[in-house]
Structures are given as C-alpha cells and as structure tokens.
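> I would like to see how this sequence folds:
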Amino acid sequence: MSTCSSVSRDSDEPVSGTAATARTWLLLEQPGPWGAKALTSSHLDPALGRALEAAAKDTGVRIVLIRRPGRHADRRMPATRRVYAAHTTPGNVWLHSATTSDPARLLDLDFAALGRGDHHSFDAVLGARPHQGDPLALVCTNGKRDRCCALLGRPLAAELATSGVEGVWEVTHLGGHRFSPTVLVLPYGYAYGRAEAHLLKEVLQGAREGRVVVEGCRGRSAWERPGQAAELAVRTGIGEYAAEALSVVRTAGAAPHWEVTVAHADGRRWQVEVAQSAALPPRAESCGASVLGSPARMDVVAVRESRVTTALAS
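Numbering: from 1, shown residues only. Here you go, the predicted structure:
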C-alpha cells in the first residue's frame, strides 16, 4: 500500500528544514480520542479549544495536546492533567511543568510573554516548576490527521514506553506527515523524521547531555525553515553538536532565496545561502490529500565562514 510517508521515503526527500515553527510549546494532557483538529475535536471543551487557539495566535506559542502511549478508550477524564511549557531559543531554553484540574486556567496565561521566553505567568498561574525529569519525546500519533501518524507513530511511542524510556508522550500534530514517524524533543525543540526507536534513544541521551543528533533531524522549531536548514548545515560542516552553541541571528531575503547568518557562541559566524525548490515528482503531501502537490524543500547552496576582524586599540 502506497502512503504519503512511503512515497517520501522512496523518493529520498530530505527532511532538513521541515520542522514546525514555534519558539514556545504549550502541552496540555488530554486523554481519549482526538479528531483531526484536536483542540476543538477531542474531549476538551471545544469552546475552550477555540479560545486557546485565539489567545496563542501570532505569539510564537504553539499549543498541542498530549497523552500517554497505549489504548485511548472513551473513559473518564483524570482529576488532574499534566501541563508543560518549553521555550526553545538558545540562551533561554527552559522546560517547566505543572498539573491542573481546570484546563481553562490556561486562558490566564500571558501568551505574548510566553512566546518571548518569559515563564513567570506559567509558573504563577499553574504553580509550575522547572522540569526535573528526562527530556520529552513527543511522537505524533493522530491518525485522524493522517493515517501514517497512527500506523507508524503509535508503535514507535509504544516501543519507547515499554522499553523504559521516560518522557514519552503521544502528541496531536507536528506537521510533515510524510516524514512519519515524526518526533519533537524538548526542551531544545529539535524535530526528527522517519524516526526509529534506536535513534530516538540516542537523541534523548544527547538531549540529556545538551547535545544534538543531526541524523534524521528536521530542524529546530525556534527558527523559520531556511534557518533550520542553515543551522543544521553549519553543525554538520564543523562537527558542532552542543545544543546551545549555534543561533540563527539574521535571515535576509524571501522565497525562493535567503541568506542566513548563523552565529557560534564563541563569536564565529557563517553566511549560508538557502534556496527553496519543489520536491519532485508531484506527490500527495498527506494521505488525506485529494490532489498531488510538490512540497517545498530547503536546499543549502553555499556555506561561507565570515571573517571577523577586531580593531586593536593603539
């Protein structure tokens, strides 16, 4: 059976520069079944879901629902739900957690501040604290969104959970169904495509140590897609895997061509040319698509290290 993910894999479509973009992630535990648009088509009050979507719009915050791996029967909601917030921009990376019995309290959050990386309203409203456990691995499993996410994502989440990997959650939507199974790792915000359990265990061990595994990496969600591709190209080129070492400090241009400046914490800089092209041949971008398309891909054309000169005082 041909699926969007099998066609993408067979055509060797590159995954770099395809991650969903968000500086801050807000995760709300919601057990039970999910619809295609889970915030308004799950057991969460749809009016609350719509209000949360409106509150987060244009703030840099992305809201998703999470649940533990396993069966998701229609059963009574738990008395308390886990809530996480994570900011993914280098220099201000954090992951805080809380529990709440009333998800409507999330409407009291300062979403604009959260998007800027300020966690004080999250801590104050929900009594949140810095997360002390392992990094989070969010595996997209929403089959109502795309069947590949259920067919490939749910077995991966289950395998990780049963093998004792901590921090594994199923998540409603990470984009890029054709790269299923897709995974987001927090707090650093690197996404992975065509993920396998052995690789994810390596990725999570790296995240514990503040390192990035570039194999299968789609990019860091803090950056727009040209920046994601540029940062990964520099990482690979210089062999730099410390998560906090590189930042995208400038993106000039517009589709289909950008010049991205990537800066190292030690002061080095690189100018990276990124060009957008169409992934060929045309294919369905998701299993539910009724027409064929040509997904955009980000190709790194050139990487040049900038020469920085320092004027010496006479």
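
> from here on, contacts and neighbour counts on C-alpha atoms
Will do.

> show me what contacts the residue lying closest to residue 168 once chain neighbours are set aside?
Sequence neighbours aside, residue 137 is the residue nearest to residue 168 in space, at 4.8 Å (criterion: Cα to Cα, 6 or more residues apart in numbering). Contacts for residue 137 (Cα atoms under 8 Å, 6 or more residues apart in numbering) come out as 167, 168, 169, 183, 184, 185, 186, 204.

> what's the most distant pair in these?
169 and 204 (13.2 Å; Cα to Cα).

> re earlier: top of the contacts of residue 137 by neighbour count?
Using other Cα atoms under 10 Å as the neighbour criterion, residue 183 leads the contacts of residue 137 with 34 neighbours.

> show me what the helix or strand that contains residue 205 is packed against.
Taking DSSP states H and E as the criterion, the element that holds residue 205 is helix 197-208. If you count contacts as 3 or more Cα pairs under 8 Å, 6 or more residues apart in numbering; DSSP states H and E, helix 197-208 packs onto helix 154-162.

> pull the residues that contact the helix it packs on.
Applying Cα under 8 Å, 6+ apart, the external contacts of helix 154-162 come out as 69, 70, 139, 140, 141, 168, 169, 170, 181, 196, 197.

> wait, doesn't residue 19 sit right on residue 191?
Yes - here residue 19 reaches residue 191: they are 5.9 Å apart, a contact under Cα atoms under 8 Å.

> find the residues that touch each one of those two.
Common neighbours of residue 19 and residue 191 (Cα under 8 Å, 6+ apart) are 218, 219, 220, 221.

> could the residues you listed be laid out in TSV, adding neighbour count?
TSV is the format used below for the shared contacts of residue 19 and residue 191 (neighbours: other Cα atoms under 10 Å):
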residue	neighbour count
218	28
219	30
220	32
221	26
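
> hang on, the earlier thing: from the contacts of residue 137, which land in helices?
Those of the contacts of residue 137 mapping onto helices are residue 204, per DSSP state H.

> format the contacts of residue 137 as TSV; extra columns: distance to residue 35 and pLDDT.
Output for the contacts of residue 137, formatted as TSV (distance: Cα to Cα, whole Å; pLDDT from 0 to 100):
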residue	distance to residue 35	pLDDT
167	24	94
168	21	96
169	17	96
183	19	94
184	20	97
185	23	97
186	24	98
204	29	96
